[in-house]
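K.L.:
Predicted model, plus sequence, below.
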Amino acid sequence: MNPEQLQQLLRGVQSGDVGIEEALTQLRLLPYEDIGFAKLDHHRWLRKGFPEVVLCRGKTVKQVVDIVEHLALAGSTVLATKATPEMSTAVQDVVPEARFYELPGMIVVNGVVDRKNPGFVLVVTAGTADIPVAEEAVVTSEVMGNRVERLYDVGVAGLHRLLDHKSLLLEANVIVAVAGMEGALASVISGMVGRPIMAVPTSVGYGASFEGLAALLGMLNTCAPGVAVVNIDNGFGAGYLASLINRQTKKKR
């Protein structure tokens, strides 16, 4: 049950159109629902402004299906990350309206279609290989009600590609910078604009990149102010935080 649905229920009780027993039945899932192997936090939407997100990695296909089904039945927007095509197919058999984003591996049900937050989030990648993680940030931000723009394959190995889009960088309310290798992209962008930068290190690279550790340390050690860093390949975390920042912006700067 999302905040709008709760308000509608309370207005129904106030007007007499909804009985007390019926209202109690609808509220029975708050604050959480115990389905045996998981306790679904239906109250999170009221506390955080967005419902609980499902991490599919480490779960069985049946567990993912059961969780998504119960969240969808409760009327929640469902966002599931790190999902496989097999998981998506099984979910769609039970929840036909579920949509699968194959590149980032995400399942969405009841996704937000209106862009209620002002301004926009800009997601930038250093290379093409970083796009799957970037798309995780894109889908997350869009489902949370943001307009999202993409700027891909503009890494520091060809800095002129990034400089050609400086006006777009300046217009964004918040920027998600996704890069592997040495992770320099976030530092470069932060040195160019006065916007919050969400830096996402990816496991793209070889040799001494240590599956993203080099990029993570490079971003953490940036000398450019205004950079916050999430964990390796955590496009969801960056997209979520970027959405919260964008939500605070009342008008375009």
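P.N.:
Yep, that arrived.

K.L.:
can you tell me the helix or strand for the residue nearest the centre of the chain?
P.N.:
Nearest to the mean C-alpha position of the chain, counting by Cα atoms, centre = their mean, stands residue 140 at 2.5 Å. With secondary structure defined by DSSP states H and E, residue 140 is part of helix 131-143.

K.L.:
again with residue 170
P.N.:
With secondary structure defined by DSSP H and E, residue 170 is part of helix 166-171.

K.L.:
could you list every residue that touches the residue nearest to the centre of the chain?
P.N.:
For residue 140, the contacting residues are 79, 81, 106, 235-236, 239-240, 243, by Cβ atoms under 8 Å, 6 or more residues apart in numbering. No exception for glycine: its C-beta is placed from N, CA and C like everyone else's.

K.L.:
Which residue ranges make up the domains of this protein?
P.N.:
Per automatic domain parsing, the structural domains of the chain span 29-109, 120-248.

K.L.:
looking only at pLDDT, what's the mean for the shortest one?
P.N.:
Domain 29-109 shows a mean pLDDT of 90.

K.L.:
thinking again about what came up before, show the pLDDT at the residue nearest to the centre of the chain.
P.N.:
Looking at residue 140, the pLDDT reads 96.

K.L.:
how about the domains of the chain in TSV, adding distance to residue 12?
P.N.:
TSV is the format used below for these (distance: least, Cβ to Cβ, whole Å):
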stretch	distance to residue 12
domain 29-109	15
domain 120-248	25
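
K.L.:
Return the most buried member of those.
P.N.:
Of all the domains of the chain, domain 120-248 has the most neighbours on average by mean count of other Cβ atoms under 10 Å, namely a mean of 21.
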